[in-house]
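Q: Quick one: sequence and predicted model below, then my questions.
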Amino acid sequence: MSELPDTSSLKRWLVTTNHKDVGILYLLTAIFFLLFGGVLALLLRVELWDPAATVLGGNGVGYNETVTAHGLLMVFWFLSPFAFAFANYVVPLQIGADDLAFPRLNALSYWMYLFSGLLFSISFFQDGGTMTAGWTLYAPLNIPAYTPAVGSTGAVLGIAMFISASTASTINFLTTIHHSRAEGMGLMDMPMFTWSILATVWMMLFAFAAYLAALFILAADRVFGSVYFSATEGGALLWGHLFWFFGHPEVYIVFFPALGVMLEIFQTFSGNRLVGRKWVTIAIVLIALQSFLVWMHHMFLTTINLETKTLMMATTIGISLPFDLLVFALIYTLAKGRIRFKTPFLFSFGALLLFILGGITGVFLGAIVLDYQFRGTYWVVAHFHYVMFGGATALVGAIYYWFPKMSGKMYDEFLGKLHFVVFFIAFNVVYFSMFTAWETPRRVFEYNQEFVTSHQIGTIGAFALGFSFFIMFYNLGKSYLSGPEAPENPWEFARTAEWAVSS
């Protein structure tokens, strides 16, 4: 086991290989990128207050850079690392391991993550700006002919470094979970959060490999002058296939850790064991496998033949079935228990409601004919945020759930519930308003005057959503400095092994 240094000096955090320290570093760094990406989101909402606004410049370049940077920061440098902060801290404790299998590799993956984020952030402030192609980096917009600035190349290299860091972390977690479990603990005996992380890292192993290959090819196009993605015959389609083979599993790579949090928290705060645990585990495995069979539903507007598109529409409908099982298992777990409405539970239950709405609105996009209408509109933006950010809302609950374990202090319950109320209302104000203005084109800041009211409501909601996080920061900061000491198991019905060790 890698031991904690004796001091609490800066050196401890620079040289640590302890999984708990690394988890805290991931958490703090992810929150930093949340703030950066959040500020960019607020700039976008200010721009959208009025179709004639020119806050980010009237030519659209500044707006496109901000859209791209916001999307990439939130998807790569906030959501996944935010989840793996808890994975680093909790998974070894849950399976009875001393540490992750390769502690130094774990530390290396963190520092690569940090420096990749800094490289991308610096690219945003370079002369000529950063990428303007959206977080999907669609070809041919990602080649030098359209994004010639050195900041754009820096962004590509930053993403490639992040994927490399994630791959190192993937190998570490796979090895740890499969080979470092406590004696007598089988795979089916593991806590559901650890199961969700296992499914996540298996998806990452294959999905990230495809994206890393695409990024290496793109880097060759940008640095060495190759023409893979600039080819007029199939270059853009090649990028689409490689990106979405990664991009659709990425939705579940973000959501599965949040699902694991929901599964743990629902059991803890209902006082009831998970209903249908075996079938929930099977559903998680099925979703992980099926996630690689639906990528072309993001490409219904391309020249792919109708027969192939129809097959992908069928697989898209098919992947919703195991999700239905998960939702019913969560609902029945609550129905058979006695619920305690603590802050972690509120965020987890809210995440379930938001993800259900995101899933229902996504069914429309899975139908070819309807996708022709909705693709490229704010319907997709709203659906995407309800699924990605809505589902990940459970991770905010995870902060409150494991804060007593990570800090040894209890948070203020009233402020926690106030945070949830402001967050949940503001979330729906900002993103549901996008459904009411769905005919607005994506990535375009000039829109029809009839949608002004919806966009202004969304802007107000966005600022309220941002404010809600400062309630959390104040609550946790104050609690860490002067809050009451937390008992070893403050939740009473928490049964997983991390609550059996000292905070």
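A: Everything's here; your move. Residues are numbered from 1 along each chain as shown.

Q: residue ranges of the helices in the stretch 151-300 of the chain, please?
A: Applying DSSP state H, counting those that start in this stretch to the stretch 151-300 of the chain gives helices spanning 192-223, 235-270, 277-290.

Q: Kindly reformat those helices as CSV and extend each row with mean pLDDT, mean neighbour count and distance to F229.
A: C-beta here means a position set from N, CA and C on the backbone, and glycine is covered the same way. Conversion of these to CSV gives the following (pLDDT from 0 to 100; neighbours: other CB atoms under 10 Å; distance: least, CB to CB, whole Å):
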stretch, mean pLDDT, mean neighbour count, distance to F229
helix 192-223, 96, 21, 5
helix 235-270, 95, 24, 5
helix 277-290, 96, 18, 28
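
Q: can I get the ones you listed in CSV with distance to F36?
A: Output for these, formatted as CSV (distance: least, CB to CB, whole Å):
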stretch, distance to F36
helix 192-223, 21
helix 235-270, 18
helix 277-290, 30
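
Q: Walk me through the regions of the chain where pLDDT falls short of the threshold, as ranges.
A: For the chain, the stretches flagged by pLDDT under 70 are 1-8, 503.

Q: again, only this time at 50
A: 1-2, 4-5, 7 (pLDDT under 50).

Q: can you give me the helices for the stretch 301-450 of the chain?
A: With helices called from DSSP H, counting those that start in this stretch, the stretch 301-450 of the chain shows them at 306-335, 343-366, 368-374, 378-391, 393-407, 413-436.

Q: Ok, which of the ones you listed comes nearest V67?
A: Closest approach to V67 among the helices of the stretch 301-450 of the chain is made by helix 378-391 (10.0 Å; CB to CB).

Q: send the alpha carbons of the closest one over as CSV?
A: Provided in CSV are the C-alpha atoms of helix 378-391 (Å, rounded to 0.1, in the frame of the first residue of the first chain):
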residue,chain,number,x,y,z
TYR,A,378,-31.7,23.0,-30.1
TRP,A,379,-33.8,19.9,-29.5
VAL,A,380,-30.5,18.0,-29.7
VAL,A,381,-28.8,20.5,-27.4
ALA,A,382,-31.5,20.1,-24.8
HIS,A,383,-31.6,16.3,-25.1
PHE,A,384,-27.8,16.1,-24.8
HIS,A,385,-27.7,18.2,-21.6
TYR,A,386,-30.6,16.3,-20.0
VAL,A,387,-28.7,13.0,-20.6
MET,A,388,-25.1,14.0,-19.9
PHE,A,389,-25.5,16.7,-17.3
GLY,A,390,-28.8,15.5,-16.0
GLY,A,391,-27.6,11.9,-15.5
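
Q: circling back to that earlier point, looking at the helices of the stretch 151-300 of the chain, spot the one closest to R45.
A: Among the helices of the stretch 151-300 of the chain, the nearest to R45 by CB to CB is helix 235-270 (22.1 Å).

Q: I'd like to know which elements that closest one is packed against.
A: helix 80-95, helix 192-223, helix 277-290, helix 306-335, helix 343-366, helix 378-391, helix 393-407 (3 or more CB pairs under 8 Å, 6 or more residues apart in numbering; DSSP states H and E).

Q: how far off helix 277-290 does the fourth one point, in degrees?
A: Inter-element angle recorded for helix 306-335 and helix 277-290: 160 degrees (by axes from the mean of the first three to the mean of the last three CA atoms, to 10 degrees).

Q: Tell me what angle helix 306-335 forms with helix 343-366.
A: Using the same axes, to 10 degrees: helix 306-335 against helix 343-366 is 160 degrees.

Q: quick one: buried residues of helix 306-335?
A: Neighbour counts over helix 306-335 (16 or more other CB atoms under 10 Å) mark 309, 312-313, 315-316, 319, 322-323, 325-326, 329-330, 333-334 as buried.

Q: could those residues be laid out in CSV, adding distance to L40?
A: Below are these laid out as CSV (distance: CB to CB, whole Å):
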residue, distance to L40
K309, 34
M312, 32
M313, 34
T315, 34
T316, 31
I319, 31
P322, 35
F323, 31
L325, 37
L326, 32
A329, 37
L330, 33
T333, 38
L334, 37
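
Q: Show me which pair in these is furthest apart.
A: Of all pairs in the buried residues of helix 306-335, the most separated under CB to CB is K309 and L334 at 38.4 Å.

Q: So Y474 versus D412, what's the distance?
A: Distance, Y474 to D412, using CB to CB, to the nearest Å: 9 Å.

Q: quick one: which of these two has more around it?
A: A side-by-side neighbour count of Y474 and D412, using other CB atoms under 10 Å, places D412 first with 18 against 13.

Q: In what element of secondary structure is the residue nearest to the more buried one when sequence neighbours are not counted found?
A: Among residues not flanking D412 along the chain, N475 sits closest, at 5.2 Å (CB to CB, 6 or more residues apart in numbering). Using DSSP states H and E, N475 sits within helix 452-482.

Q: and that helix, how far out from the chain's middle?
A: Distance of helix 452-482 from the chain centroid (CA atoms, centre = their mean, to the nearest Å) equals 19 Å.
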